[in-house]
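Engineer: Pasting the sequence and the predicted coordinates here, then a few questions.
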Amino acid sequence: MPLSAELKSINGAEELYDWFGFWPSFHDAEVVKLHLNRRGASNLLIHTWEMTKNVDSKGYYELVKHVVVEFTLEGVSALSLEGFSGQNVIFGLAIDRIEAGFRLTLDPCYGLSGSIVAQGVFIRFTPGKPDS
């Protein structure tokens with residue numbers, strides 16, 4: 001499925017799409033860091049991957065293309081967050097274009113969930129697993 005026009009308008013989204021060959025759902029991804037800044041940019045880092053159809057010797061699906069995705073959020077104007085814990089696994093992540101800019105929705109699984117509204121969103125990513 002091609003990248004939506006909505007996502008194409010986000011700097012770095014096309015590169016992330018190209019990394020995977022599709023737009024990731026962020027299913028079972030983990031929020032590694034959330035830094036909110038009242039002035040200037042805020043940052044959300046999420047560790048995600050591609051789940052293959054292959055099963056390892058322990059019966060788990062093999063995960064490849066590990067990457068830490070950094071969402072830089074300019075002009076955060078609203079948020080609704082709950083459930084922060086020592087581990088913050090999301091069911092998925094959605095980005096929607098709205099009148100105020102963009103809304104990132106972290107679907108609940110275990111730990112942090114909710115939504116963040118920002119005027120601008122920029123994406124960078126680092127291949128590999130997070131440091132800690």
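Structural biologist: Yes, it's here.

Engineer: Okay, now the sheet partners of the longest strand seen in the chain, with direction.
Structural biologist: For the chain, the strand with the greatest residue count under DSSP state E is strand 61-82. The strands that strand 61-82 pairs with in its sheet are strand 42-55 (antiparallel), strand 113-127 (antiparallel) (by DSSP bridges).

Engineer: The residue nearest the centre of the chain: what's it in contact with?
Structural biologist: Note on the chain: the residue nearest the mean C-alpha position is Ile46, at 5.0 Å, using Cα atoms, centre = their mean. For Ile46, the contacting residues are Phe26, Ala29, Glu30, Val31, Val32, Val68, Val69, Phe71, Ile90, Leu93, by Cβ atoms under 8 Å, 6 or more residues apart in numbering. Just so you know, the C-beta spots here come from the backbone N, C-alpha and C atoms, and that holds for glycine as well.

Engineer: Sort out for me which of those residues are in strands.
Structural biologist: Going by DSSP E, the strands hold Glu30, Val31, Val32, Val68, Val69, Phe71, Ile90, Leu93 from these.

Engineer: Out of those residues, which end up buried?
Structural biologist: Neighbour counting by 16 or more other Cβ atoms under 10 Å classes Glu30, Val31, Val32, Val68, Val69, Phe71, Ile90, Leu93 among those as buried.
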